[in-house]
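[1] coordinates only, sequence not included:
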């Protein structure tokens with residue numbers, strides 16, 4: 001008993017000594033910091049007058065954005081409830097609320113009209129397909145009206161790009177590659193046949209590598225096992241991460257762009273998502289060594305993609321795309337054909353869009369090369385400019401010349417990982433106004449049946465989607481909602497130009513942060529979000545008395561403004577609102 005008491009006393013004394021040592025270290029450290037702030041450093045004048053205490057300002061400033069969403073009122077989307085809906089949908093949890101919304105919706109907004117005799121949900125068509133380019137050699141029938149908007153591999157981490165590929169494969173949404181081009185990560189779900197893979201660079205496995213893989217997977221996890229497998233087989237190759245691991249054949253592969261066109265698959269493999277290839281002013285992924293358009297490389301890319309979107313503008317920036325040098329890793333440099341580690345700023349103007357005639361001619365060239373639909377992405381600032389563009393398109397139709405198969409219209413308050421502040425929400429109309437403008441112009445000039453519309457910008461929930469579809473969109477693009485379903489916490493540290501990186505490893509190329517991203521888990525959650533979007537859309541169609549998307553129109557909407565005025569005819573609302 002005395003021995004136990006003695007050991008207890010000795011333990012307490014030992015802990016006491018440790019605490020004293022820690023206390024002394026802390027005090028000495030604070031004194032040293034005080035002296036440094038007050039008498040040595042000359043970067044922060046606040047710290048000269050308020051040494052040590054002044055540092056709390058920078059701590060709070062650092063935490064402001066990551067913590068803002070948890071304590072402040074939601075002021076970017078319509079309400080916090082919409083944001084919560086996304087996170088719950090991704091987790092596939094029941095998405096019902098009680099009593100009332102936690103934050104009232106804006107007083108000025110569109111309202112969906114329901115019918116007296118609503119449908120049961122089983123009476124709504126299960127298939128919500130959209131057809132693009134019906135006159136093309138290879139039209140694209142999208143399984144869903146939901147498109148994951150353009151976000152590049154490079155702006156996103158490889159792990160996040162793979163998660164979106166998995167989510168799209170599982171649930172069938174269309175996936176826009178973003179301007180970074182088609183990369184190995186977009187083929188994450190592809191399982192090659194080694195006997196018919198002349199278009200791939202294949203690195204076969206060996207017994208030793210497989211033993212190491214199984215051991216690391218057993219004591220750690222699969223992600224680390226794949227890293228070890230790559231390290232062994234590729235012997236430290238700088239672009240090792242551009243190779244995808246195929247679990248079926250235990251090999252590594254990536255596309256061999258030097259292989260002849262005839263070696264590439266004639267049809268898009270069923271095991272990968274339906275991709276829209278986005279071509280930007282930088283021509284990444286389809287450029288030659290001099291940076292010019294490479295038609296053969298484009299044809300190779302289109303063996304894996306269903307459509308092409310030419311990016312003329314984006315909601316938050318009408319300049320060329322911007323990628324920080326910290327994100328231009330060896331892998332990204334390989335994919336884009338650029339120099340590693342340097343800031344990558346694309347030209348403002350698309351190289352084949354110095355005139356509309358030139359642009360439409362280039363669209364026709366792409367349609368011939370791929371046999372697939374080609375469209376453009378724009379931002380609307382002026383109705384007269386849109387009318388002039390569409391009027392020229394109508395003349396071309398009469399003359400039998402090429403036209404775009406679709407127009408993606410982005411909201412002026414759309415997002416971007418990297419954009420100049422002076423352009424955010426200062427250039428371009430919001431989605432509803434821009435969408436109405438495009439739809440009206442196409443109808444006026446008799447092109448509405450020729451050109452589909454994809455609407456993007458701050459769409460999160462099923463009601464957002466149905467309102468856009470009723471205003472004239474054939475499909476809707478979603479970026480932020482998909483980001484959040486994939487784990488984004490809206491910390492606003494996406495660009496790579498600041499001193500901090502995306503804390504969850506989603507929008508960064510930092511290897512340590514990327515290692516925390518749970519690709520497979522998030523892939524399933526992304527799929528859940530899309531699944532619940534479709535479920536919600538069908539529910540809304542049922543109470544509106546509509547069996548399919550083609551029955552939606554502006555007549556299904558009411559608009560009420562902040563003064564209490566009600567417009568049962570939204571055309572009258574827009575007529576009063578627009579002044580030419």
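    The structure has been received and is ready for your questions. Because the structure is a prediction, the values reported are computed rather than measured.
[2] Quick check: end-to-end length of stretch 175-188?
    With Cα to Cα, to the nearest Å applied, stretch 175-188 spans 13 Å between its terminal residues.
[3] roughly how far out does that stretch sit from the chain middle?
    11 Å (Cα atoms, centre = their mean, to the nearest Å).
[4] hey, where'd the strands end up in the stretch 451-580 of the chain?
    452-456, 475-478, 557-560, 566-567 (DSSP state E, counting those that start in this stretch).
[5] Which of the ones you listed sits closest to residue 27?
    Residue 27 sits nearest to strand 475-478 of all these, at 53.3 Å, using Cβ to Cβ. Glycine gets a C-beta too; all of them are placed from N, C-alpha and C.
[6] And that closest one, what does it pack against?
    Of the remaining helices and strands, those touching strand 475-478 by 3 or more Cβ pairs under 8 Å, 6 or more residues apart in numbering; DSSP states H and E are strand 146-148, strand 452-456, helix 462-470.
[7] Where do the helices of the stretch 451-580 of the chain begin and end?
    In the stretch 451-580 of the chain, the helices defined using DSSP state H, counting those that start in this stretch lie at 462-470, 480-485, 511-514, 519-543, 570-577.
[8] May I see these arranged in JSON lines, with mean pLDDT and mean neighbour count as well?
    As requested, those are exported to JSON lines (pLDDT from 0 to 100; neighbours: other Cβ atoms under 10 Å):
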{"stretch": "helix 462-470", "mean pLDDT": "96", "mean neighbour count": "25"}
{"stretch": "helix 480-485", "mean pLDDT": "93", "mean neighbour count": "26"}
{"stretch": "helix 511-514", "mean pLDDT": "88", "mean neighbour count": "15"}
{"stretch": "helix 519-543", "mean pLDDT": "96", "mean neighbour count": "21"}
{"stretch": "helix 570-577", "mean pLDDT": "91", "mean neighbour count": "15"}
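[9] nearest to residue 155, of those?
    Using Cβ to Cβ, the nearest of the helices of the stretch 451-580 of the chain to residue 155 is helix 480-485, at 10.8 Å.
[10] And the closest one, what does it pack against?
    Packing partners of helix 480-485 (3+ Cβ pairs under 8 Å, 6+ apart): helix 80-91, helix 158-171, helix 519-543.
[11] Distance to residue 345 added to those, as TSV?
    Shown next, in TSV, are the helices and strands packed on helix 480-485 (distance: least, Cβ to Cβ, whole Å):
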stretch	distance to residue 345
helix 80-91	32
helix 158-171	22
helix 519-543	30
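[12] Count the neighbours of the residue nearest to residue 55 when sequence neighbours are not counted for me.
    Among residues not flanking residue 55 along the chain, residue 47 sits closest, at 6.8 Å (Cβ to Cβ, 6 or more residues apart in numbering). Residue 47 has 21 neighbours, counted by other Cβ atoms under 10 Å.
[13] Report the buried residues of the helix or strand encompassing residue 47.
    Assigned by DSSP states H and E, residue 47 falls within helix 45-49. Residues of helix 45-49 classed as buried: residue 47 (neighbour count, 16 or more other Cβ atoms under 10 Å).
[14] I figured residue 148 was touching residue 164, is that so?
    Yes - contact criterion Cβ atoms under 8 Å: residue 148 and residue 164 qualify, at 6.1 Å.
[15] which neighbours do those two share?
    Taking Cβ atoms under 8 Å, 6 or more residues apart in numbering as the contact rule, residue 148 and residue 164 both touch 175, 482.
[16] Need the contact partners of the helix holding residue 47.
    Identification of contacts with helix 45-49 by Cβ under 8 Å, 6+ apart yields 37, 38, 41, 42, 54, 55, 57.
[17] Identify the residue spatially nearest to residue 554, adjacent ones excluded.
    That would be residue 570: by Cβ to Cβ, 6+ apart, it lies 5.2 Å from residue 554.
[18] Could you pull up the residues touching that neighbour?
    Neighbour list for residue 570: 110, 471, 554, 557, 558, 559 [criterion: Cβ under 8 Å, 6+ apart].
[19] number of nearby residues for the fifth one?
    Read it as residue 558. Residue 558, neighbours per other Cβ under 10 Å, totals 16.
[20] Look up which residues are beta-bridged to it.
    residue 111 (DSSP bridges).
[21] Tell me the predicted confidence for it.
    On pLDDT, residue 558 comes in at 94.
[22] now do the third one
    On pLDDT, residue 554 comes in at 94.
[23] Please report the distance of it from residue 537.
    Between residue 554 and residue 537 the computed distance is 18 Å (Cβ to Cβ, to the nearest Å).
[24] For residue 515, give me its contacts.
    223, 505.
[25] pLDDT at it, what is it?
    86.
[26] Quick one: closest of the helices and strands packed on strand 475-478 to residue 335.
    Proximity to residue 335 (Cβ to Cβ) singles out strand 146-148 among the helices and strands packed on strand 475-478, at 18.7 Å.
[27] Would you format the strands of the stretch 451-580 of the chain as JSON lines with distance to residue 84 included?
    Formatted as JSON lines, the strands of the stretch 451-580 of the chain follow (distance: least, Cβ to Cβ, whole Å):
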{"stretch": "strand 452-456", "distance to residue 84": "22"}
{"stretch": "strand 475-478", "distance to residue 84": "16"}
{"stretch": "strand 557-560", "distance to residue 84": "24"}
{"stretch": "strand 566-567", "distance to residue 84": "29"}
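[28] closest to residue 250 out of those?
    Proximity to residue 250 (Cβ to Cβ) singles out strand 475-478 among the strands of the stretch 451-580 of the chain, at 36.0 Å.
[29] and stretch 275-284, how far apart are its ends?
    End-to-end distance (Cα to Cα), stretch 275-284: 16 Å.
[30] same check, this time on stretch 287-304
    Terminal residues of stretch 287-304 lie 17 Å apart, using Cα to Cα.
[31] In it, which residues are buried?
    Buried, per 16+ other Cβ under 10 Å, within stretch 287-304: 287, 293, 294, 297, 298, 299, 300, 301, 302, 303, 304.
[32] Tell me the one among these nearest to residue 447.
    Distance to residue 447 across the buried residues of stretch 287-304 (Cβ to Cβ) is lowest for residue 302, with 24.6 Å.
[33] farthest pair in the contacts of helix 45-49?
    42 and 57 (17.4 Å).
[34] Comparing those two, which residue is more hemmed in?
    The neighbour count for residue 42 versus residue 57, taken as other Cβ under 10 Å, is higher for residue 57 (13 against 8).
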